[in-house]
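*Asks:* The following block contains a protein sequence and its predicted model.
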Amino acid sequence: MTALPTSVVGPSRRSIADDLVSACREVGTTHVFGVPGGGSNLDVVGAAQAQGLEFVLVHTETAAAIMAGVMAELTGAPGLCLATRGPGAASAVNGVAQALLDRQPLVVVTDCVAANDRPRVSHQRLDQPALMGAVSKASIALDGRDPGAAQALVALALEGRPGPVHVDIDPSAVSAVSAVSTGLVPAEPRPRSAVGDLAHALELVGAARRPVVIVGIGAVVQRPADRADTAAALADLGNRLHVPVLCTYKARGMVADGSAWCAGVATGATIESPVLQAADLIIGVGLDPVELIPAAWSYDAPVVLCGPWAVDDSSYFGDRLAADVVARPADAIAAIAATVVSEWAADDGAVFAAAAIAEVLAVEPPAPVGLVPQQVVTLAAAAAPDGTIATVDAGAHMLVAMPLWPVAAPCELLISSGLATMGFALPAAIAAALARPGRHVVCFTGDGGLGMVLAELETVARLHLPIVVVVFDDASLSLIAAKQQPEGHGGAAAVSYRAIDFAGVAAACGLQAERVSDVDAYERALTDAFAREGGTLVDVTVDPSAYGAVLDAIRGVRIPSI
């Protein structure tokens, strides 16, 4: 771990902010997101503007942290966000936790009650190192005395398993490192065999005849050039040797849909079970169990993991984990391709993928009221220009959006996977539109998730971003409602809202907006939305009655805790 020096009373807040922003800019950071309060927040905004970084004013600190984390995921450079002390820091926690569990490098800067003021000030004073230390790699107080401290904390966000680092700017701080998060302790000791170098892993690869690759988040959270090398290596492996490749939600696009070796999605549930049951070795490339649902791992084939960090916070694979090697993903895949003997046929992967998608598409109520969820996704995909990026919120609609949205390249489909937080998709769409100027973005969100970040519709309008917000509107927490059945815990009162005119709200925020309840109206709204320069919201009446069957098709047994 990068050493972070201890320091004492130092220079001004602005000079500390200048050093911090400079350290981020030097490694590629281009934007700062936040809701400023007073104090050091404004110093950071001023430093950013002076050094050519764009400050993006948003409405909530959670949204700011999500935007910065998604920007980091897309660019490979640390995201940067800010919040005021006390309520601002507390509000940011969920977004920082999202970056932690989605392995996004993030620097989150908060104002604080200065160390030399704490004896007399209790207003808005929280133990921010303890608060943020629980959801970050480290919580650090910068006092500006050590010229290398800012570069060291930025390096900490990037190195090993990427994640957030929290910074309090305090010239009177007594120590640069206030708290360091130790991470989760494994539920049980890791198997002794789950160690070794690449040569050990390749022995297992060489003995297999029907290996399957699962690509995960570690293959995505890299610099763009490394990510492209990984995608190219996977294409070579599949094209020459026909090894089926599954992609986790975060890794969708590392293998292009339509490739003969693309076997579909990996979730830890049953949608991928036919191909994994047929495997005699499961190779995880950048696979991190943080993405997989907490069901029991039920496959007999040994598991080999190769990725940029070791899986040291989980015993998810139990005694099936045969090797866990830290290696650059592209290099690991190239070594595997030089070793593997594959008996798979050329189109086996595509056959598995087609069967899984057909099962999801087949679920439809006999007389739907409004559109069925699958139509909302497939019709949007048909209308969207090539290269459109989709963001997906947590909720029942993700069950259809993730397997059905077509993806040709990495980072064209974005979701909160490790934390799986609602309220992700709209802030993520804003970050995607800023990171990929000229690309269209479609934001798939439920009414519950949109309600959590509704004010960010104004951000879309103010920045004139080409985002099409598609609301799966059924006035319900539909995923939780599906899990209620047949027990019905809490009844409708636990999952149902009043109907909201989201189109009316969006119009009041300055967006073009429309409510639709049939296919023809939806198709017309999509055509108009993708033709316009600014943002649009399409509020779609959706029939939720098929969600339970879709949940069964993807996950098999309904697991109430998921």
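*Replies:* Cool, the structure landed.

*Asks:* Let me know whether Val290 touches Arg103 as I believe.
*Replies:* Yes: taking contacts as C-beta atoms under 8 Å, Val290 lies within contact range of Arg103: 7.5 Å. All C-beta spots, glycine's among them, are computed from the backbone N, C-alpha and C.

*Asks:* Looking at those two, which has the bigger crowd around it?
*Replies:* Arg103 (28 against 23; other C-beta atoms under 10 Å).

*Asks:* mind pulling up the phi and psi values for the more buried one?
*Replies:* phi 60, psi 50 (degrees, to the nearest 10).

*Asks:* Give me the pLDDT for it.
*Replies:* On the pLDDT scale, Arg103 is placed at 97.

*Asks:* Next one: it relative to Gly307, how far apart?
*Replies:* Counting by C-beta to C-beta, to the nearest Å, the separation of Arg103 from Gly307 is 10 Å.

*Asks:* Quickly list what's touching both of the two.
*Replies:* Common contact partners of Arg103 and Gly307 (C-beta atoms under 8 Å, 6 or more residues apart in numbering): 218, 288.

*Asks:* quick revisit: where do the contact lists of Val290 and Arg103 overlap?
*Replies:* Common neighbours of Val290 and Arg103 (C-beta under 8 Å, 6+ apart) are 217, 418.

*Asks:* Next, the buried residues of stretch 450-465.
*Replies:* 450-454, 456-461, 463, 465 (16 or more other C-beta atoms under 10 Å).

*Asks:* Let's see which of those residues end up in helices.
*Replies:* Among the buried residues of stretch 450-465, the members falling in helices (DSSP state H) are 450-452, 456-461, 463.

*Asks:* who's in contact with the closest residue to Gly268 other than its chain neighbours?
*Replies:* Nearest in space to Gly268, with sequence neighbours left out and distances taken as C-beta to C-beta, 6 or more residues apart in numbering, is Leu292 at 3.0 Å. Contacts of Leu292 were listed using C-beta under 8 Å, 6+ apart, and they are 248, 266-268, 316.

*Asks:* let's see 10 Å
*Replies:* Contacts for Leu292 were tallied using C-beta atoms under 10 Å, 6 or more residues apart in numbering; they are 214, 216, 248-249, 266-269, 314, 316-317, 417-418.

*Asks:* thinking again about what came up before, distance to Glu203 added to the buried residues of stretch 450-465, as CSV?
*Replies:* Below are the buried residues of stretch 450-465 laid out as CSV (distance: C-beta to C-beta, whole Å):
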residue, distance to Glu203
Leu450, 50
Gly451, 53
Met452, 49
Val453, 49
Leu454, 55
Glu456, 51
Leu457, 55
Glu458, 57
Thr459, 53
Val460, 52
Ala461, 58
Leu463, 53
Leu465, 51
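
*Asks:* Do I have it right that Gly387 meets Leu413?
*Replies:* No: counting by C-beta atoms under 10 Å, Gly387 does not reach Leu413; the two are 12.0 Å apart.

*Asks:* who has more neighbours, the two?
*Replies:* In this view Gly387 and Leu413 are compared by other C-beta under 10 Å, and Leu413 has more residues nearby, 24 against 12.

*Asks:* Report the separation between the more buried one and Pro373.
*Replies:* Counting by C-beta to C-beta - Leu413 and Pro373 are separated by 16 Å.

*Asks:* just Trp344 next, same as before
*Replies:* As judged by C-beta to C-beta, Trp344 and Pro373 stand 33 Å apart.

*Asks:* Pick out whichever of the two has more residues nearby.
*Replies:* Between Trp344 and Pro373, Pro373 has the larger neighbour count (other C-beta under 10 Å), namely 31 against 22.

*Asks:* I figured the more buried one hits Pro403, correct?
*Replies:* No: applying C-beta under 10 Å as the test, Pro373 and Pro403 come out as separate, 11.7 Å apart.

*Asks:* Can you pull the residues that touch both of these two?
*Replies:* Counting by C-beta under 10 Å, 6+ apart, the contacts common to Pro373 and Pro403 are 360, 550.

*Asks:* Run through the residues that contact Ala77.
*Replies:* Here Ala77 is in contact with 24-31, 71, 105, 154, 157-158, 223-224, 435 (criterion: C-beta under 10 Å, 6+ apart).

*Asks:* quick one, domains of this structure?
*Replies:* According to automatic domain parsing, the chain comprises the domains 13-180, 198-354, 364-555.

*Asks:* distance between the first one and the chain's centre?
*Replies:* On the basis of C-alpha atoms, centre = their mean, to the nearest Å, domain 13-180 is displaced by 19 Å from the centre of the chain it belongs to.

*Asks:* so where does the nearest residue to Asp226 once chain neighbours are set aside fall, helix or strand?
*Replies:* Distances taken as C-beta to C-beta, 6+ apart put Ala330 closest to Asp226, at 6.6 Å, once the chain neighbours are dropped. Following DSSP states H and E, one finds Ala330 within helix 329-339.

*Asks:* List the buried residues for that helix?
*Replies:* 329-330, 332-337, 339.

*Asks:* Equivalent analysis for stretch 422-441, please.
*Replies:* 422-436, 440-441.

*Asks:* Sort out for me which of the residues you listed are in helices.
*Replies:* Per DSSP H, these map to helices at 425-435.

*Asks:* Tell me who's in contact with the residue nearest to Val505 when sequence neighbours are not counted.
*Replies:* Excluding its sequence neighbours, the residue lying closest to Val505 (C-beta to C-beta, 6+ apart) is Leu454, at 6.4 Å. Taking C-beta under 10 Å, 6+ apart, we find Leu454 in contact with 59-60, 423, 426, 500, 502, 505-506, 509.

*Asks:* can you give me phi and psi for Leu454?
*Replies:* Torsion angles at Leu454 (phi, psi; degrees, to the nearest 10) stand at phi -60, psi -40.

*Asks:* re the thing from before, let me know which of the domains of the chain is tucked in deepest.
*Replies:* For the domains of the chain, the largest average neighbour count (mean count of other C-beta atoms under 10 Å) is found in domain 13-180, namely a mean of 22.

*Asks:* Is it correct that Val275 is in contact with Ala350?
*Replies:* No: in terms of C-beta under 10 Å, Val275 does not count as a neighbour of Ala350; the distance is 11.0 Å.

*Asks:* overlap in contacts of those two?
*Replies:* In contact with both Val275 and Ala350: 244, 263-264, using C-beta under 10 Å, 6+ apart.

*Asks:* so what's the residue nearest to Cys24 when sequence neighbours are not counted up against?
*Replies:* Nearest residue to Cys24, sequence neighbours excluded (C-beta to C-beta, 6+ apart): Leu80, at 5.1 Å. Taking C-beta under 10 Å, 6+ apart, we find Leu80 in contact with 20-21, 23-25, 29-34, 44, 48, 53, 55, 64, 68, 71-72, 106-109, 154, 157, 167.

*Asks:* Just the CA trace of whatever helix or strand Leu80 lives in, in CSV.
*Replies:* According to DSSP H and E, Leu80 maps onto strand 79-83. Coordinates of the C-alpha atoms in strand 79-83 are reproduced here as CSV (Å, rounded to 0.1, in the frame of the first residue of the first chain):
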residue,chain,number,x,y,z
GLY,A,79,-13.4,10.4,-10.0
LEU,A,80,-13.5,13.5,-7.9
CYS,A,81,-16.5,14.7,-5.9
LEU,A,82,-17.0,17.1,-2.9
ALA,A,83,-19.5,17.6,-0.1
